[in-house]
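K.L.:
structure for this input, please:
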Amino acid sequence: MGILEGKRILVTGVLTDDSLAFGAARLAQEEGAEVALTGFGRGMSLTTRAARKLPTPVEVYELDVTMEEQADQVALELGNRWGGLDGVVHAIGFAPESCLGNGVLVAGWKDVATAVEVSAYSLKVLAAAFAPLLSRAAGGGSIVGFDFDATVAWPGYDWMGVAKAALESLARYLARDLGPNGIRVNLVAAGPISTVAARSIPGFERFESVWDARAPLGWDVRDSGAVARACVALLSDWFPRTTGEIIHVDGGFHAAGA
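P.N.:
Reported below is the predicted structural model:
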């Protein structure tokens, strides 16, 4: 019997089977959860294709986080299907090309606003839409988001780093506001994993070359298993009084000096 036995989990952000979201969805199923995915636009076909590689078939719902009514519609459909919801995985991030690899002085507000809306504000969109369902969870509802440590300035990450800082702050405020409803909000700050999204970041190879050497526990950019385990653990009943937290799954890199 897995630690998510009987739970109902919504996972966003699955585009390919090398994504962090896919790893979390697969492990959630292996641990007993019933899982649904979301995709949107032209990416729906990619999400549907990736979904076929999961151990058990899943429903894929259309959800563009810049259209809040779609989140409300998915909540309505899941409410009719499941009656409630135990967990939501936020694995959504995007920044226009001008926001990455150019420093922070180049991008204009329109592009920056897109990066912040999709990568940070979207957590609020999901929380607002699904809180009524999560509040019905017997063991308390759980929202888990994927993060990349925003306490320092990374090469090439630029406005996405700023968006992640906003995500971290928003998660704390959501933890405050949703806690009385029994809903936990936590983030997993993952080390660099060689996903399609990560490889689109200019200079990503610089992370690959130094992370394993600096991380006390070592690091493999091709292995997202530890990240998926942390996500699933936070979705389970094993962290009933943990909220507003950022769990680092980076081999200890964040704690090591030069």
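
K.L.:
what about V188, how many neighbours?
P.N.:
When neighbours are counted by other Cβ atoms under 10 Å, V188 registers 27. C-beta coordinates here come from the backbone N, C-alpha and C atoms, glycine included.

K.L.:
need the contact list for it.
P.N.:
With contact set as Cβ atoms under 8 Å, 6 or more residues apart in numbering, V188 has these partners: 144-147, 227, 230-231, 234, 246-247, 249.

K.L.:
now it, what are its backbone angles?
P.N.:
Backbone torsions for V188, taken as degrees, to the nearest 10, come to phi -110, psi 110.

K.L.:
could you measure from it over to D220?
P.N.:
Look at V188 and D220: by Cβ to Cβ, to the nearest Å, they are 17 Å apart.

K.L.:
wait, what's in contact with P155?
P.N.:
By Cβ under 8 Å, 6+ apart, the neighbours of P155 are 203, 206.

K.L.:
repeat for V232
P.N.:
3-4, 24, 27-28, 31.

K.L.:
on the three-state scheme, the closest residue to it other than its chain neighbours is what?
P.N.:
Leaving aside its chain neighbours, V232 sits nearest to L27 (5.0 Å; criterion: Cβ to Cβ, 6 or more residues apart in numbering). Recorded secondary structure, L27: helix (DSSP: H, G, I helix; E, B strand; the rest coil).

K.L.:
surely L27 is in contact with A226?
P.N.:
No. Using Cβ atoms under 8 Å, L27 and A226 do not qualify as a contacting pair, with a distance of 10.7 Å.

K.L.:
these two - which one has more neighbours?
P.N.:
Neighbour totals were compared for L27 and A226, and L27 leads with 23 against 19 (other Cβ under 10 Å).

K.L.:
so what's that one scoring on pLDDT?
P.N.:
Predicted confidence (pLDDT) for L27: 98.

K.L.:
now the helices for the protein?
P.N.:
Taking DSSP state H, the helices of the chain run over residues 20-30, 44-51, 68-82, 109-116, 122-134, 158-178, 196-199, 204-214, 225-235.

K.L.:
contacting residues around the residue most central in space within the chain?
P.N.:
By Cα atoms, centre = their mean, the chain has its centre lying nearest to A91, at 2.7 Å. Neighbouring residues of A91 by Cβ under 8 Å, 6+ apart: 11-14, 19-21, 24, 145-146.

K.L.:
picking that back up, from the helices of the chain, which stretch is densest packed?
P.N.:
Stretch with highest mean neighbour count among the helices of the chain: helix 20-30 (a mean of 25; mean count of other Cβ atoms under 10 Å).

K.L.:
other SSEs contacting that one?
P.N.:
Helix 20-30 sits against strand 8-11, strand 34-39, strand 87-90, strand 141-147, helix 225-235, with contacts defined as 3 or more Cβ pairs under 8 Å, 6 or more residues apart in numbering; DSSP states H and E.

K.L.:
how big is the angle separating the fourth one from helix 20-30?
P.N.:
I take that to be strand 141-147. Here strand 141-147 runs at an angle of 150 degrees relative to helix 20-30 (axes from the mean of the first three to the mean of the last three Cα atoms, to 10 degrees).

K.L.:
swap in the longest one?
P.N.:
Going by the same axes, to 10 degrees, helix 225-235 is angled at 60 degrees with respect to helix 20-30.

K.L.:
just the CA atoms of helix 225-235, as CSV, please.
P.N.:
What follows is helix 225-235, C-alpha atoms only, in CSV (Å, rounded to 0.1, in the frame of the first residue of the first chain):
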residue,chain,number,x,y,z
GLY,A,225,13.8,10.6,-9.0
ALA,A,226,14.7,12.3,-5.7
VAL,A,227,12.7,15.4,-6.8
ALA,A,228,9.6,13.2,-7.5
ARG,A,229,10.0,11.5,-4.1
ALA,A,230,10.0,14.8,-2.3
CYS,A,231,7.0,16.0,-4.2
VAL,A,232,5.0,12.8,-3.4
ALA,A,233,6.1,12.9,0.2
LEU,A,234,4.7,16.5,0.6
LEU,A,235,1.5,15.4,-1.1
